[in-house]
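>>> dropping the sequence and predicted coords here.
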Amino acid sequence: MLKTLAFVLATATASIAVAGPSTSGAPAAPAAQATGWLGRLLIAPKPARVAQAPDAGTVLAGVQKFYAGIQHVTAKFRQEVKNTTFGRSDISDGKLWIAKPGKMRWDYQAKKTKKTKASVAKSFISNGNYLYVVDNENKQVIKKDLKQNLLPTAVTFLYGKGDLAADFTPEIDTSGTYGAKTDTVLKLTPKAASAQYKLLYLVVDPGTSRVKESVIVDGAGNTNHFRFYEPDFESSVKDAWFEFNEKTVKTYRVIDGDAAAGPDGGAK
């Protein structure tokens with residue numbers, strides 16, 4: 001192969017040398033004409049640059065920066081939980097509020113039935129110090145101290161806390177499983193083993209670095225898929241929305257979530 005290539009180049013060079021300058025007074029032939037296919041190859045216009053694929057680390061840094069820069073957000077969400085063991089899927093809709101520092105509220109709409117009176121089936125309310133899981137349908141509240149129960153980075157980055165790059169190894173997911181063709185999808189693998197998730201996918205708007213969807217995959221292959229709609233970063237939110245007064249639900253059973261957990265973190 002090398003001998004053949006050397007022969008071709010030598011022949012082409014020789015043809016240029018033999019042709020020499022024009023002696024007829026006519027203008028010299030263009031280089032492409034004099035050198036044949038080799039000349040056309042050498043002086044061919046350079047192909048247009050192909051846009052490079054986004055770098056996973058850069059995309060992740062953009063997501064972190066975006067949420068570190070916002071003060072509050074309101075959005076609608078749809079959650080789809082798929083259980084691979086039982087082949088079951090459950091879908092819930094609701095509304096989300098997030099505010100700094102460390103405040104959030106997730107209200108799940110009640111499914112319409114004749115027995116249902118409350119419009120909100122359950123709520124997850126955090127004022128940054130305590131997390132309340134309010135179950136209106138079963139009239140009970142679980143209270144957990146966040147000093148003893150740190151929320152995972154997969155949640156806290158939404159209000160600017162936690163470092164995704166420190167906890168996850170990112171790569172660009174090109175499988176097309178999640179998001180639209182115009183979205184960038186990050187596949188995040190925990191650097192330390194976690195019982196909460198095996199993988200985390202973030203569907204990112206490449207124009208703003210806003211997360212449009214998040215998908216948590218656990219060790220059994222079950223998925224917890226959130227889609228976020230109609231985000232509002234302008235309308236103000238009230239601090240009272242992130243507080244829960246236990247005295248207002250006298251008929252509810254209030255459970256100390258920390259006392260209800262055994263020494264290994266599981267329920268007694």
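Cool, the structure landed.

>>> residues near P190, how many?
Neighbourhood size, P190 [other Cβ atoms under 10 Å]: 17. Any C-beta I mention is one placed from the backbone N, CA and C, and that applies to glycine too.

>>> before we move on, what about G87?
Neighbours of G87 (other Cβ under 10 Å): 7.

>>> so how far is G221 from it?
To G221, G87 is 11 Å away according to Cβ to Cβ, to the nearest Å.

>>> again with T74
Applying Cβ to Cβ, the value for T74 to G221 is 33 Å.

>>> more neighbours: which of these two?
A direct count of neighbours by other Cβ under 10 Å for T74 and G221 places T74 higher, at 19 against 12.

>>> specify the beta-bridge partners of the more buried one.
Bridge pairing for T74 (DSSP bridges) gives the partners W97, D232.

>>> was I right about it contacting S235?
Yes: shown here, T74 and S235 form a contact pair, counting by Cβ atoms under 8 Å, at 6.1 Å.

>>> helices along the stretch 51-200 of the chain, start to end?
Secondary structure of the stretch 51-200 of the chain (DSSP state H, counting those that start in this stretch): helices at 56-68, 153-156, 164-167.

>>> can you point out the buried residues in the longest one?
I take that to be helix 56-68. 56, 59-60, 62-64, 66-67 (16 or more other Cβ atoms under 10 Å).

>>> need the residues you listed in a markdown table with distance to D205, can you?
Formatted as a markdown table, these follow (distance: Cβ to Cβ, whole Å):
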| residue | distance to D205 |
| --- | --- |
| A56 | 16 |
| V59 | 11 |
| L60 | 14 |
| G62 | 10 |
| V63 | 10 |
| Q64 | 15 |
| F66 | 9 |
| Y67 | 13 |
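
>>> quick one: secondary structure of the residue positioned nearest the centre of the chain?
Using Cα atoms, centre = their mean, the residue of the chain that lies closest to the mean C-alpha position is L202, 1.4 Å off. What DSSP: H, G, I helix; E, B strand; the rest coil gives for L202 is strand.

>>> can you pull the pLDDT of it?
Note on L202: pLDDT of 97.

>>> that one contacts G62, correct?
No: counting by Cβ under 8 Å, L202 stays clear of G62, with 10.9 Å between them.
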